[in-house]
Every structure is written in structure tokens, then in C-alpha cells.
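**Q** What shape does this take:
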Amino acid sequence: MNPFLSTALRTLLAVAAACALTPAGAGTFVRMQTTQGAIDVALLDASAPITVANFLAYVRAGDYSYAMVHRSAKLQNGSPFVIQGGGYRWLPNQANSSIPSRGQIPDEYSAARPNARGTLSMAKAGPNTATSQWFVNMTDNSALLSASNNGGYSVFANITVPGMVIADRIAALQVVNAGSPFNELPVFNYAGGGVNRSNTVLVTAAVELPAQTTHDRIFNYLEATFPQYVPNVTGSSGEALGYTFRYYSGSEAYVGVKDDNVWYYLPAIHGNTPQHFGSVASVLAAAEAAGY
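**A** Numbering: from 1, shown residues only. This is a model prediction of the structure:
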């Protein structure tokens, strides 16, 4: 295994173990590709079916393409509270605009799904008013966002470990007051004055990931964890020479599984020699620990 990859894999295992995530299993996964990196979310299909169906309706219609992460709220002590998106989009060569509502949905708040750090929940103006807006809990908001607050906020997904790395990156950005509803707008490469589209955090695409077979879980995990080697836009899948693989045309890279081992092929770095990444068991364990 490449020494860098070996070190990174050990680090991810340690971080995932510290977060004590429950393996996601066969639930639906969505990747929100942002200008800061990919946020993968494991949807809670069985326990929040109405909220999940509503979220997927926006995803499948492309409504979240170029959606802004328009809010990065802090607690009184200055630590991150939530990052929020899904309400506004900023298409190329256009002004920012509201994402059209698909209608309000009933709350599915449950104390069994608390607003803990690393969960995805629905924003709303009052009981049973959620539409398109979602937020990532950046700290343990279980008590603050419980049933006693506005009837509770519906958690419907868990963010993977690599996804929370990106969420933390967004939460650490500079925040400016760009006027309502952008009073807590996260920005980057900002030099003052008016905020441009290039300064805002955008969800450039939101897509469902392939069904969660063992191979899919491994490939999805590798894409999110090592985008510098395998771009985290899902590649094309196939089978050849005993490998089950994904291919990435932009980098001419492959990741594949063969004989209970995971391999990667990066011709720009290693020529024509496939490189061993690890056993299926070890990489799957890392993927499970990371929430895949």
C-alpha cells in the first residue's frame, strides 16, 4: 500500500472509532458535492420516511444544484451551532433566488433520533412547516432542538465521517452579514465589499449514490476519503479481468475489487502497475466505521 494511503486509512479508522458511528447498512445515500468538498449523507429511510421522500424529491429534480449553504450559525460562546442550506440557489450568470417549495410536510421528530452532532435535520418556521431547507448539527443540539422547541426538529440522515470533515471546514469559514436572509453567510476568498457568487459555498450537485452493495460501500468511501486519487464524482462501474471496478475518465483512474482485495490504478503516478490498497475486510471495516 502507498505509505500515504496507509497512514490516511489508519487515521480515518481512528477518527471513525472515536465518533462511534453506527454502520449505515442498506439505506439510501446522497452526496452533496460542495465547493468545499463532498458531504455524504446516509438517509434514515425507515425511521423518517416522509422527510426522506421529501428530501429525495428535491435531489432527484435537481433543485439542490447550486444551492447555497446560506447560514453558518454560532452559539453564544462562538462555537459552531449549525450550517444550513437548501433554501436558495445561485445559478451561473444569474442572481440568487429561492428554491421553489414542494409543499410543507409533517414533522417526524423523535427523541430516538436526537439532533446530535453529525445529523442532518429539517429547518422550519413552525410545527409541520418544513419544505426544502435542511441543516447539519455541528454540535450536540439534542436538548436545544427537542420537542419543547417548536415541536422538535426532524432528523432524517447521518453525515459520514469524511462528510463531517467538510462540514467542519464550512463552519470554520468567515461569516458575514449580507442582509436578510443572509445575515450569517459563510464566505471564502472574500476581500470585503459585496459578496459574489464565487465567495459563497455552493452545493454544485446533489446525487443519489449507487445501491449499497459491499463494493459500492467501499468505492463510495474511497471517493469521499481520497478525492485526490479518485475524484468524488461517482465513476462508471464495470467488470473485467476478474475485477469489479469504478473508472474515472478525468484522471484515467480505477478502483477495483478482486480476490478479496482492493486495488487502485493511477497511471499518472504508478504507470501500468495496479497498486494494492488493502483487503476487502479491512477497507470495508473502515467504510463501516466512517458511516458507509
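
**Q** from here on, contacts and neighbour counts on C-alpha atoms
**A** OK.

**Q** What residue, apart from its backbone neighbours, is nearest the residue nearest in space to the middle of the chain spatially?
**A** Nearest to the mean C-alpha position of the chain, by Cα atoms, centre = their mean, lies residue 39 at 1.8 Å. Of all residues not flanking residue 39 in the chain, residue 163 sits nearest, at 4.0 Å (Cα to Cα, 6 or more residues apart in numbering).

**Q** can you count the residues close to the one you found?
**A** 24 (other Cα atoms under 10 Å).

**Q** now it, what's its secondary structure?
**A** helix (DSSP: H, G, I helix; E, B strand; the rest coil).

**Q** secondary structure element for residue 181?
**A** Using DSSP states H and E, residue 181 falls within no helix or strand.

**Q** which residues touch residue 46?
**A** For residue 46, no contacting residues are found, by Cα atoms under 8 Å, 6 or more residues apart in numbering.

**Q** Can you name the element that comes right after the lengthiest strand in the chain?
**A** Criterion DSSP state E: the longest strand present in the chain is strand 80-89. On the C-terminal side of strand 80-89, the closest following helix or strand by DSSP H and E is strand 97-98.

**Q** strands paired with that following strand, and their directions?
**A** Strand 97-98 sits in its sheet next to strand 80-89 (antiparallel), going by DSSP bridges.

**Q** related to what we said a few turns ago, relative to residue 288, how far out is the residue nearest to residue 39?
**A** According to Cα to Cα, to the nearest Å, residue 163 and residue 288 sit 14 Å apart.

**Q** now swap in residue 125 and tell me
**A** Taking Cα to Cα as the measure, residue 125 falls 35 Å from residue 288.

**Q** do the same with residue 198
**A** As judged by Cα to Cα, residue 198 and residue 288 stand 35 Å apart.

**Q** Please say which of those two ends up with more neighbours.
**A** Between residue 198 and residue 288, residue 288 has the larger neighbour count (other Cα under 10 Å), namely 22 against 13.

**Q** ok, back up a step: in contact with the residue nearest to residue 39, which residues?
**A** Neighbour list for residue 163: 38, 39, 40, 41, 224 [criterion: Cα under 8 Å, 6+ apart].
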